[in-house]
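J.: Provided below for reference: sequence and predicted model.
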Amino acid sequence: MEMKALVMEKPGTARVQTVPVAPVGERDLRIKVMASGICGTDVHIFRGEYLGGYPVIPGHEFSGVVEETGAKVTRFRAGDRVAVEPNISCDNCRACLSNKQNFCENWNAVGVTLPGGMAEYAVVPEKAAFSIGELPFLAGAFVEPLSCVLHGVERAGIKLGDRVLILGAGPIGILLSKAIQLRGASTITQVDLNPSRLELAAKSGAAVCASLDELPRDAFDVVVDASGAVSLMEKAPDFARKGGTVLWFGVPKRDAKLQLPAFTIFEKGLFLLSSFTSVRNSIQAVELLAKGKIDVAPLVSHQLPLEDFARGVEIIEKGAEGVLKVMIVPEK
């Protein structure tokens, strides 16, 4: 059996090819992919700035329909609608046995080190799939990024009444805002240069501004960088109150370096955190999406065929065409 798939042959090169569909192992599912989001991580992989090797079929944020199940699969049958948690842990190393599967010593990830969802079909282990019921496929493709957001918000320890600053109002920034609101923050302030993104951030419940110069320093209980931009990451500690928390959530380039105000961090007694992927937060993500606690429909700005992946990356990098989340829909 063959399929169309987007293959990144090397950094900067991606083209649609006809390739064999992987065999279905006894604990695997073959999923017909219905929607696969282009993530900032996919852009980094395309530019040679992230983990993994080449060639690779990207796509780690996707949903679809189960078409075939392995002999030992128990949770799914053909026709089930599912989303994928791409991180594959060995469940037997020191990190996994300490409930830190995201730091698995034998870590793999669908769409990063393993073939992903930018294809007509994807074969994944049963343990990597989660039922989405009647949730639309476009919403189902947000299960992975939302699960990462929930893990980051949990790490930040946001409490009732906290004042939170989010740097960046792209799709991840908006998801962070929505999740933080559910934690009971008293105020959320969001900064971005893009007026259309600020408009959506305001509709999503945040106070917004276009410049850090408009913000008070030393004023926020938690400062979250959702951009991965070094210039913003470096400024984040300036806006946290004494004893506050800084969460670096956005994905920087692999070789990026930070220059931080050492004495400021010392004097303010800050908690400095980062967040890497998620730890079994997908069930939470599905529940919040299915119950309408987090609405992701306004975040989808583009739906493109596989052949237009490079165009999708260009739109994202330029911030053009009112871009938010670009979805690849293999059936288009």
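T.: Yep, that arrived. Numbers count the residues shown, from 1 in each chain.
J.: what kind of secondary structure is the residue lying closest to D238 once chain neighbours are set aside in?
T.: Leaving aside its sequence neighbours, D238 sits nearest to R217 (Cβ to Cβ, 6 or more residues apart in numbering; 5.2 Å). C-beta coordinates here come from the backbone N, C-alpha and C atoms, glycine included. Secondary structure state of R217, per DSSP: H, G, I helix; E, B strand; the rest coil, is coil.
J.: how many neighbouring residues does R217 have?
T.: By other Cβ atoms under 10 Å, the residues close to R217 number 13.
J.: residue ranges of the helices in the stretch 151-300 of the chain, please?
T.: 171-182, 195-203, 230-239, 262-268, 282-290 (DSSP state H, counting those that start in this stretch).
J.: check which helix or strand the residue nearest the centre of the chain maps to.
T.: The centroid of the chain falls nearest to P145 when counting by Cα atoms, centre = their mean (2.9 Å). Per DSSP states H and E: P145 is located in helix 143-156.
J.: what separates that helix from the chain centre, distance-wise?
T.: 8 Å (Cα atoms, centre = their mean, to the nearest Å).
J.: and the angle from it to helix 171-182?
T.: 50 degrees (axes from the mean of the first three to the mean of the last three Cα atoms, to 10 degrees).
J.: quick check: mean pLDDT of helix 143-156?
T.: The average of the pLDDT scores along helix 143-156 is 97.
J.: what comes into contact with it?
T.: 37, 39, 60-63, 83-86, 102, 130, 132, 171-172, 175-176, 179-180, 183, 222, 224, 245, 247, 249, 273, 275, 277-279, 281-282, 284-286, 288-289, 294, 296 (Cβ atoms under 8 Å, 6 or more residues apart in numbering).
J.: who's in contact with L260?
T.: E234, P237.
J.: distance of it relative to M8?
T.: 33 Å (Cβ to Cβ, to the nearest Å).
J.: return the distance of the helix or strand where L29 lies from the chain's centre.
T.: Element membership of L29, judged by DSSP H and E, is strand 28-38. Put simply, strand 28-38 sits 16 Å off its chain's centre (Cα atoms, centre = their mean).
J.: which elements pack onto whichever helix or strand comes after it?
T.: Heading C-terminal from strand 28-38, the first helix or strand you meet, by DSSP H and E, is helix 40-46. Helix 40-46 is packed against helix 309-318, with contacts defined by 3 or more Cβ pairs under 8 Å, 6 or more residues apart in numbering; DSSP states H and E.
J.: in the helix it packs on, what counts as buried?
T.: Neighbour-count burial for helix 309-318, counted by 16 or more other Cβ atoms under 10 Å, picks out F309, G312, V313, I315, I316.
J.: which one of those residues is nearest to T187?
T.: Set against T187, the nearest of the buried residues of helix 309-318 by Cβ to Cβ is I316 (29.1 Å).
J.: before we move on, the earlier item: may I see the helices of the stretch 151-300 of the chain arranged in TSV, with mean pLDDT as well?
T.: Shown next, in TSV, are these (pLDDT from 0 to 100):
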stretch	mean pLDDT
helix 171-182	97
helix 195-203	95
helix 230-239	97
helix 262-268	95
helix 282-290	97
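J.: among those, which comes closest to G322?
T.: Of the helices of the stretch 151-300 of the chain, nearest to G322 by Cβ to Cβ is helix 195-203, at 5.0 Å.
J.: so for R183, what's the pLDDT?
T.: The predicted local confidence for R183 is 96.
J.: give the contact list for it.
T.: Here R183 is in contact with V153, I158, K159, L160, D162 (Cβ under 8 Å, 6+ apart).
J.: and if we set it to 6 Å?
T.: Counting by Cβ atoms under 6 Å, 6 or more residues apart in numbering, R183 touches I158.
J.: ok, now E307?
T.: V16.
J.: let's see the helix or strand of the chain with the lowest mean pLDDT as PDB, backbone CA atoms only.
T.: Taking mean pLDDT, DSSP states H and E as the measure, the chain has helix 40-46 as its least confident helix or strand, at a mean of 90. The C-alpha coordinates for helix 40-46 follow below in PDB (Å, rounded to 0.1, in the frame of the first residue of the first chain):
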ATOM      1  CA  GLY A  40       6.800  26.200  15.200                       C
ATOM      2  CA  THR A  41       8.700  23.000  15.800                       C
ATOM      3  CA  ASP A  42       8.000  21.900  12.200                       C
ATOM      4  CA  VAL A  43       9.400  25.200  11.000                       C
ATOM      5  CA  HIS A  44      12.500  24.600  13.100                       C
ATOM      6  CA  ILE A  45      12.900  21.100  11.700                       C
ATOM      7  CA  PHE A  46      12.400  22.400   8.100                       C
END
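J.: thanks again, I'm all set now.
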